[in-house]
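Peer 1: here you go, sequence then predicted model.
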Amino acid sequence: MYDEIYEVWRKESESEDLQVLPKDFYSKLAEYIRKGREERRMLDEKTAKAALLQAELDNVKKMISKLVQLRYEKILRKTLAGETVPKESLTEEEEEIYRHISMSAEVHRKI
């Protein structure tokens with residue numbers, strides 16, 4: 001899963017367009033992090049494996065933080081420009097965000 005997250009982050013960072021993500025991307029990600037934390041708790045903190053697992057989790061958190069920020073900015077930018085964001089590009093969570101942003105932008109345009 002780490003490689004998949006890295007590829008998603010890399011593609012999103014390199015592109016002006018919103019990349020297509022699986023609808024359940026964030027729920028799979030949350031499960032991956034939960035399992036990683038659980039595995040980390042079961043390890044002796046002094047082992048190399050524990051240190052590597054912690055480093056992996058830290059890197060994933062950084063990539064996801066940047067990924068979420070990038071995607072939010074792209075959704076916001078397109079919406080404010082009056083463009084539509086293709087639903088197939090959005091995750092379930094992002095669809096809800098897009099709906100709210102679109103409604104706010106529409107109210108703003110009417111004013």
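Peer 2: Happy to help now that I have it.

Peer 1: where does this protein have its least confident helix or strand?
Peer 2: Lowest by mean pLDDT, DSSP states H and E among the helices and strands of the chain is helix 92-110, with a mean of 87.

Peer 1: how far is that one from where the chain is centred?
Peer 2: Centre-to-centre, helix 92-110 and its host chain are 18 Å apart (Cα atoms, centre = their mean, to the nearest Å).

Peer 1: buried set for it?
Peer 2: Judged by neighbour count using 16 or more other Cβ atoms under 10 Å, the buried positions of helix 92-110 are E94, I97, Y98, I101, A105. C-beta coordinates here come from the backbone N, C-alpha and C atoms, glycine included.

Peer 1: by contact count, what packs against it?
Peer 2: Under the contact definition 3 or more Cβ pairs under 8 Å, 6 or more residues apart in numbering; DSSP states H and E, helix 92-110 sits against helix 25-42, helix 48-80.

Peer 1: now the ones you listed as a markdown table including distance to R109?
Peer 2: Below are the helices and strands packed on helix 92-110 laid out as a markdown table (distance: least, Cβ to Cβ, whole Å):
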| stretch | distance to R109 |
| --- | --- |
| helix 25-42 | 30 |
| helix 48-80 | 10 |
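
Peer 1: quick one, which of those helices gets closest to E12.
Peer 2: E12 lies closest to helix 48-80 among the helices and strands packed on helix 92-110, at 5.1 Å (Cβ to Cβ).

Peer 1: which among the helices and strands packed on helix 92-110 is found nearest to E14?
Peer 2: Of all the helices and strands packed on helix 92-110, helix 48-80 sits nearest to E14, with 10.3 Å by Cβ to Cβ.

Peer 1: got the angle between that closest one and helix 92-110?
Peer 2: Angle, helix 48-80 to helix 92-110, by axes from the mean of the first three to the mean of the last three Cα atoms, to 10 degrees: 30 degrees.
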